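1. sequence first, predicted model second:
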Amino acid sequence: MSRADNLGHPADFRVSYRFRTPNEGGRETLPLQGYRSDFLYEEDDVPGAGIYMIHPEFEDPNGVPIPEEAHAVSKGTARMWIVSGQMREVHRQRIKPGVRGYMVEGSRKVAEVEVIEVQGLHTNPQSPITPSGEDSCGKCGGTWPSPAPLEPAIIRMIRNLIDQGSSIHAIAELRKRTACSLTTAKAVQQHLGTSDGRCHECGTALTGARVTNCSSCGALNYWVGDAA
Ligand SMILES: [Zn+2]
Ligand SMILES: [Zn+2]
């Protein structure tokens, strides 16, 4: 079942893509359908600029999505899905045919892409795709609106900024990437697991999902999650 069937609206736009070879710094293997790379605009390819959660859905030569768990081919077309509906306003200003960018994993550029068609970008909903509830911490007792799903690449980037002493920059990036409130961004920044996957409060090794309560002290931790 394609994402359009699941979500009831078309993809935001389509791209042609080419995966870089291992010699070019690309992946050793081609990814499977369901791959969750991030997106970097070519013109943003400078230190500190943004990457965005826009996931590809690979197509066959007829423009039909390939099956789940099928491998992408090295060069082809893909539908692109903006993960956080609130971010559509940003991309409506920027995405048009001919715009170039990359599929990225963290800061690594794995594929070169060019926009070939705008689809539902201007009509798809601006509200988040995933309904957001509330997150709460069993240690400090705080409660705040959940952020949009945090991809591992974003979590690592925010963690790095905090570790470098740039908490204000981290909060700004979180707001830019997830379009969350200042309250949520501050709470996420205060509840991020350590870079080696430990509770920010007590240092216990974390297990489980992206948002998890520490098994020792109960503190909420945002981290990259098991098998990320
Ligand atoms: Zn807390
Ligand atoms: Zn803990």
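-> Here it is on my side, so go on. Numbers count the residues shown, from 1 in each chain. Ligands and ions are numbered 1, 2, ... in the order given.

2. hey, let's count contacts and neighbours off CA atoms from now on
-> Noted.

3. and the gap between the residue positioned nearest the centre of the chain and Gln189?
-> Against the mean C-alpha coordinate of the chain, by C-alpha atoms, centre = their mean, the closest residue is Met53 at 3.3 Å. According to C-alpha to C-alpha, to the nearest Å, Met53 and Gln189 sit 18 Å apart.

4. can you check Pro10 too?
-> Pro10 is 33 Å from Gln189, by C-alpha to C-alpha.

5. surely Gly34 meets Glu69?
-> Yes. Between Gly34 and Glu69 there is a contact at 7.0 Å, judged by C-alpha atoms under 8 Å.

6. between those two, which one's more packed in?
-> Higher neighbour count among Gly34 and Glu69: Gly34, with 18 against 11, using other C-alpha atoms under 10 Å.

7. surely the more buried one is in a strand?
-> No. With DSSP: H, G, I helix; E, B strand; the rest coil as the criterion, Gly34 is located in coil rather than a strand.

8. so what's it up against?
-> Applying C-alpha atoms under 8 Å, 6 or more residues apart in numbering to Gly34 gives the contacts 56-57, 68-69.

9. want to throw these into TSV with distance to Gly225, pLDDT and secondary structure?
-> Output for the contacts of Gly34, formatted as TSV (distance: C-alpha to C-alpha, whole Å; pLDDT from 0 to 100; DSSP: H, G, I helix; E, B strand; the rest coil):
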residue	distance to Gly225	pLDDT	secondary structure
Pro56	21	97	strand
Glu57	23	97	strand
Glu68	22	88	coil
Glu69	21	86	coil
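
10. would you list the buried entries among the residues you listed?
-> Burial by neighbour count, 16 or more other C-alpha atoms under 10 Å: within the contacts of Gly34 this picks out 56-57.

11. now do the SS call for Arg159.
-> Criterion first, three-state DSSP; result for Arg159: helix.

12. just the one 3 residues further on next, same as before
-> Secondary structure of Ile162, reduced to three states by three-state DSSP: helix.

13. how far is the least confident helix or strand in the chain by mean pLDDT from where the chain is centred?
-> Lowest on mean pLDDT, DSSP states H and E among the helices and strands of the chain sits helix 3-7, with a mean of 75. Centroid displacement of helix 3-7 relative to its chain, using C-alpha atoms, centre = their mean, to the nearest Å, is 18 Å.

14. do stretch 27-35 as well
-> 16 Å.

15. and that stretch, average pLDDT?
-> For stretch 27-35, mean pLDDT rounds to 94.

16. between the two ends of it, how far is it?
-> 13 Å.

17. and what of stretch 3-16?
-> End-to-end distance of stretch 3-16: 18 Å, with C-alpha to C-alpha as the criterion.

18. list the contacts for the closest residue to Ala219 other than its chain neighbours?
-> Excluding its sequence neighbours, the residue lying closest to Ala219 (C-alpha to C-alpha, 6 or more residues apart in numbering) is Lys139, at 4.5 Å. Contacts for Lys139 (C-alpha under 8 Å, 6+ apart) come out as 217-220.
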